[in-house]
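K.L.:
Predicted model follows, preceded by the sequence.
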Amino acid sequence: MFSRRVETVRSGLPVSARGWTWLLIALLVAALASGCGFRLRGEVEIPKDLTPIYVDSNPGSPVRSAIGDLLAGSEVHLTENPAEARLRLRILSESRSSRVAAVDANGKTLAYELHYVVRFDAVSPDGAQKVPPQTMDLVRNFDNPDVEVLGKQLEEDLIYQDFATDAADRILMRLRAVLN
């Protein structure tokens, strides 16, 4: 009983009133977030008459995999059969590259600039161009210290995975902008 009394005195409100205050704040935040157009990331607004979508890419494409992950749980469905598709998203090319961004006085590389270039378009089943060919070049700097060589290779691989997810997200945003 003593500890409850101390807690009540510290905050200035009884324990039950504090709970209601937090509930009221949470409801207010939820109301404001829904009123401003906020949506969870998994929701993709591509017209329903264009689903299912066939993603035409090289086997093992990281962008294709990321698109599938981003569309999981949404109303937009992917198909493995191009004949069923109402929209064909073509990943025309994907490439990774790096270039030296900084060197020290001895010529040792201190930083790299990593590039991930994706070229894509979208066509309807009859071949009409829905989204013209577009190219995305994602760039990030990558420090290269002398220590932790194995860790740096893993970090570079993770950056390229992030690039693929970011590219997939941007492709879906561009599809939504053009097709709505």
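P.N.:
Perfect, thanks for sending it. Keep in mind the model is a prediction, meaning the values are calculated, not measured.
K.L.:
and this protein, what are its domains?
P.N.:
As assigned by automatic domain parsing, the chain contains the domains 2-35, 48-179.
K.L.:
among the ones you listed, where is the model least confident on average?
P.N.:
Mean pLDDT is lowest for domain 2-35 among those, at a mean of 63.
K.L.:
Going along the chain, name the strands of this protein.
P.N.:
For the chain, applying DSSP state E gives strands covering 53-56, 87-103, 109-123, 129-143.
K.L.:
which helices and strands does the shortest one pack with?
P.N.:
To tie it back to what came earlier, the one meant is strand 53-56. Using 3 or more Cβ pairs under 8 Å, 6 or more residues apart in numbering; DSSP states H and E, the elements in contact with strand 53-56 are helix 62-71, strand 87-103. For the C-beta atoms, the positions are set from N, CA and C on the backbone; glycine is no exception.
K.L.:
same question, the second one
P.N.:
Strand 87-103 makes packing contacts with strand 53-56, helix 62-71, strand 109-123, strand 129-143, helix 149-179 when contacts are defined by 3+ Cβ pairs under 8 Å, 6+ apart.
K.L.:
Looking at the ones you listed, which one is packed in the most?
P.N.:
Ranked by mean neighbour count, the helices and strands packed on strand 87-103 are led by strand 53-56 with a mean of 21 (mean count of other Cβ atoms under 10 Å).
K.L.:
how far does that one sit from the chain's center?
P.N.:
Distance of strand 53-56 from its chain centroid, counting by Cα atoms, centre = their mean, to the nearest Å, is 18 Å.
K.L.:
Make 496 the starting number, not 1.
P.N.:
Understood, numbering begins at 496; the last thing we discussed is strand 548-551.
K.L.:
So what touches that strand?
P.N.:
Contacts to strand 548-551, defined as Cβ atoms under 8 Å, 6 or more residues apart in numbering, come from residues 541, 556, 559, 562-563, 571-577, 579-586.
K.L.:
swap the cut-off to 7 Å and go again
P.N.:
For strand 548-551, contacts defined as Cβ atoms under 7 Å, 6 or more residues apart in numbering pick out 559, 562, 571, 573-574, 577, 580, 582-586.
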